[in-house]
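Undergrad: give me a 3D structure for the following:
(one chain, ligands or ions: 1)
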Amino acid sequence: MVLSPVIGKLLHKRVVLASASPRRREILSQAGLRFEVVPSRFKEKLDKAAFPTPYAYAIETAKQKALEVASRMHQKDLRAPDVVIGADTIVTIGGLILEKPADKQDAYRMLSRLNGKEHSVFTGVAIIHCCSEDGQLDMDVCEFHEETMVKFSELSEDLLWEYIDSGEPMDKAGGYGIQALGGMLVECVRGDFLNVVGFPLNHFCKKLVELYCPPRREDVQRVKHESIPAVDTFEIASDAAQGDEGCGPSRAGVDGHSGQAPAGPQGPDTNGLVENPPPFPSDLLDLIDGFKASKALFTACKLKVFDVLKEEGPLKAVDVARKINASVCGTGRLLDVCVALGLLEKTDTGYGNTRLASRHLASEGACSLHGFVAYHDEHAWTVFTDLESAVRQGPQAAAGRPEEDPSQSRDRRLRFMRAMHGLTQLTARQVATAFDLSRFTSACDLGGCTGALARELAREYPRLKVTVFDLPEVIEHVSSFHPEGWQPERLHFVPGDFFKDDLPDAQLYVLSRILHDWADDRVHELLSRVSRSCKPGGGLLVVETALDERRAARASLPAALNALVRAQGRERSLAEYRSLLGQHGFRDVQVAQAGDRLDVVLGTRASSSAP
Ligand SMILES: Cc1cn([C@H]2C[C@H](O)[C@@H](COP(=O)(O)OP(=O)(O)OP(=O)(O)O)O2)c(=O)[nH]c1=O
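TA: Got it, this is the predicted structure:
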């Protein structure tokens, strides 16, 4: 069995599952893990609002559950187990976290909220390695989360109550158990099924590989020279299990630096003492090579490798080369790099797409980011070559750049529209459900481009009529982005310039990824126009990637750099967006996150006329 080498790493250890969940116990014992069960006494009452994302909350709860068990066991007999595993499963919809229902009415509230819609199930997991020395307990925490999307059918009241009366919902997050009767509520699942049931076994095994079987030094160096980042597969564990009997939880692995090679051969220093060489700078080398990985991805997309393999894969390199009209040798190398990057899979029958590639890198499909990749390849790549002058001179360097060639502007516009369309489709649902917008019956998406967000808003809120307002030269092309045979109900496209023309009437105005494109004076001008058009009680929804200390510096890095290389506009912090809305007469400003990268800010137009 492929997984056994990974699970086998834990067989000689004292492992404790800090959970009372019978489902977690079953999943882990069926995977062959030997462990004791010590349910945690940690009270699940952390302040949800204090966490930037729902999964951060689930991870922290999982960690606290495991830490409580580890310290209790240590206190009891001054010997903690080697490994303690904690987990926490939550259901989220529209920015709301649902845990176990308090009573039947609560279960009804949860299930009606999920009825007919798609929601996320997150399980946060903490793996704690304990070490007791001289009565002291030392712990290393490794944590991760997994998300699965679950869609409920449209269910009648009677059915919901029948289900609630079965008693099944009461000990389950979101008030349902997908593995039993609750399975009849579910129309489809995207992602790891076991994650919904309470434990993401697949991700757990991958973590064990990282912790216990980091790539061997010689592999790491070989990979570096070929500029291919390491890929975590169970096969690494199998190899290591065969070739390296003593493969244990390297300290580096336990600390979470799983890509780090173990310390190399030790040599005596001048005093005859053994000195460790400095750690191998794997992360730094990955960083240096990062641009090559991006370019390989861009090139494979441009050559339509993922389209060819989606339609006809698996294929040998020679066949792919013929279909994309490229050299066999070059294609073979590109395909191998894509395998190493986790975008393709290679088997005896040839190269095939991973699910990720088929879903996001082929040019067609609701989740395609092909246009977004093309935009980065053809536009962002060039613009970022100028980063040095942007840093030296500030954003005015970008402002001084010559205007675009007008003959190319139509193509550029279409390319930009394709990029925005892909990105917006991917995040539209999270944006549309970040807040409950059901009180509005009309909305206007200003600069709404192809209508990808508008469509999701209309789909999510059956009473809502949505107008997409964008420049005539944009509106002219929107029909080519509509799915075939699509009849836009409750959706209208109106051409216009939001700086010059009257804004269409609406109760809710949406500015999605617009404000960062404009300098402060233009932002004030636009917001005061919106504020004048918006009636008291109406709303303004702003969607942006805010520069924010809550988000890991790495995630907001592209935004910070974009601001330097763009001719105008700038990224802003959440505090700035809040203040902008306040200055223009919007009150009760609330903030939510839509996925990992987007912030959504909602304000209500105050009744006083002066903003
Ligand atoms: C959504 C869903 C959740 N669940 C369960 C998994 C979890 O056991 C539970 C969520 O509650 P948790 O607080 O994650 O776990 P628990 O209280 O059962 O156990 P412990 O805190 O001791 O670890 O909901 C299902 O069994 N099926 C489902 O479809």
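Undergrad: make it CA atoms for all contacts and neighbour counts henceforth
TA: Will do.
Undergrad: neighbours around the closest residue to residue 316 other than its chain neighbours, how many?
TA: Nearest residue to residue 316, sequence neighbours excluded (CA to CA, 6 or more residues apart in numbering): residue 350, at 4.4 Å. For residue 350, the neighbour count with other CA atoms under 10 Å is 16.
Undergrad: so how far is the ligand from residue 62?
TA: Note on residue 62: its distance to the ligand, by CA to the nearest ligand atom, to the nearest Å, is 8 Å.
Undergrad: may I have the helix or strand harbouring residue 576 exported as CSV, CA atoms only?
TA: Assessed by DSSP states H and E, residue 576 sits inside helix 574-583. Taking Å, rounded to 0.1, in the frame of the first residue of the first chain, the C-alpha atoms of helix 574-583 are listed here in CSV:
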residue,chain,number,x,y,z
LEU,A,574,-8.1,48.2,5.3
ALA,A,575,-8.0,51.2,7.7
GLU,A,576,-7.7,53.5,4.6
TYR,A,577,-10.7,51.8,2.9
ARG,A,578,-12.7,52.1,6.0
SER,A,579,-11.8,55.7,6.4
LEU,A,580,-12.6,56.5,2.7
LEU,A,581,-16.1,55.0,3.0
GLY,A,582,-16.6,57.0,6.2
GLN,A,583,-15.5,60.2,4.6
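Undergrad: how far out from the middle of the chain is that helix?
TA: Helix 574-583 sits 26 Å away from the centroid of its parent chain (CA atoms, centre = their mean, to the nearest Å).
Undergrad: make 42 the starting number, not 1.
TA: With the count now opening at 42, the last piece we talked about shows up as helix 615-624.
Undergrad: not counting its own residues, what contacts it?
TA: Identification of contacts with helix 615-624 by CA atoms under 8 Å, 6 or more residues apart in numbering yields 565, 568, 587-589, 628, 630, 640, 642, 644, 652.
Undergrad: go again using 6 Å as the cut-off
TA: Residues external to helix 615-624 that are found in contact with it (CA atoms under 6 Å, 6 or more residues apart in numbering): residue 587.
Undergrad: and the next helix or strand past that helix?
TA: strand 627-635.
Undergrad: okay, now the sheet partners of that following strand, with direction.
TA: Sheet partners assigned to strand 627-635 using DSSP bridges are listed as strand 639-646 (antiparallel).
Undergrad: and the partner strand, average pLDDT?
TA: Mean pLDDT, strand 639-646: 95.
Undergrad: quick one, the helix holding residue 617 and strand 627-635 angle?
TA: Orientation check (axes from the mean of the first three to the mean of the last three CA atoms, to 10 degrees): helix 615-624 against strand 627-635 gives 150 degrees.
Undergrad: okay, buried residues for helix 615-624 please.
TA: Using 16 or more other CA atoms under 10 Å as the test for burial, helix 615-624 gives 615, 618-619, 621-624.
Undergrad: how about stretch 496-509?
TA: By neighbour count on 16+ other CA under 10 Å, the buried set for stretch 496-509 is 496-499, 501-502, 505-509.
Undergrad: what do you get for stretch 531-546?
TA: Buried residues in stretch 531-546 (16+ other CA under 10 Å): 531-537, 539, 544-545.
Undergrad: widest-spaced pair of the residues you listed?
TA: Using CA to CA, the two most remote members of the buried residues of stretch 531-546 are 531 and 539, lying 21.2 Å apart.
Undergrad: rewinding a little: in a markdown table: the buried residues of stretch 531-546, plus pLDDT, distance to the ligand and secondary structure.
TA: Putting the buried residues of stretch 531-546 into a markdown table (pLDDT from 0 to 100; distance: CA to the nearest ligand atom, whole Å; DSSP: H, G, I helix; E, B strand; the rest coil) gives the following:
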| residue | pLDDT | distance to the ligand | secondary structure |
| --- | --- | --- | --- |
| 531 | 90 | 33 | coil |
| 532 | 93 | 34 | strand |
| 533 | 93 | 38 | strand |
| 534 | 95 | 39 | strand |
| 535 | 97 | 42 | strand |
| 536 | 97 | 44 | strand |
| 537 | 96 | 46 | coil |
| 539 | 97 | 44 | coil |
| 544 | 97 | 43 | coil |
| 545 | 98 | 42 | coil |
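Undergrad: what does this protein have sitting close to the ligand?
TA: Listed as neighbours of the ligand in the chain under the rule CA under 6 Å from any ligand atom: 60-62, 80-81, 128-130, 213-215, 217-220, 237-239.
Undergrad: can I have the buried ones of these as a ChimeraX selection?
TA: To isolate the buried members of the residues of the chain next to the ligand in ChimeraX, using 16+ other CA under 10 Å:
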select :60,62,80,81,128,129,130,213,214,215,217,218,219,237,238,239
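Undergrad: next step: the residues of the chain next to the ligand restricted to helices.
TA: Mapping the residues of the chain next to the ligand onto helices (DSSP state H) picks out 237-238.
Undergrad: list phi and psi for residue 468.
TA: Main-chain torsions, residue 468, degrees, to the nearest 10: phi -110, psi 0.
Undergrad: against the ligand, how distant is it?
TA: 23 Å.
Undergrad: ok so, going back, isn't the residue nearest to residue 357 up against residue 358?
TA: No: taking contacts as CA atoms under 6 Å, residue 391 lies outside contact range of residue 358: 7.2 Å.
Undergrad: three-state assignment of residue 552?
TA: strand (DSSP: H, G, I helix; E, B strand; the rest coil).
Undergrad: need the contact list for it.
TA: 487, 583.
Undergrad: pLDDT score assigned to it?
TA: pLDDT, residue 552: 98.
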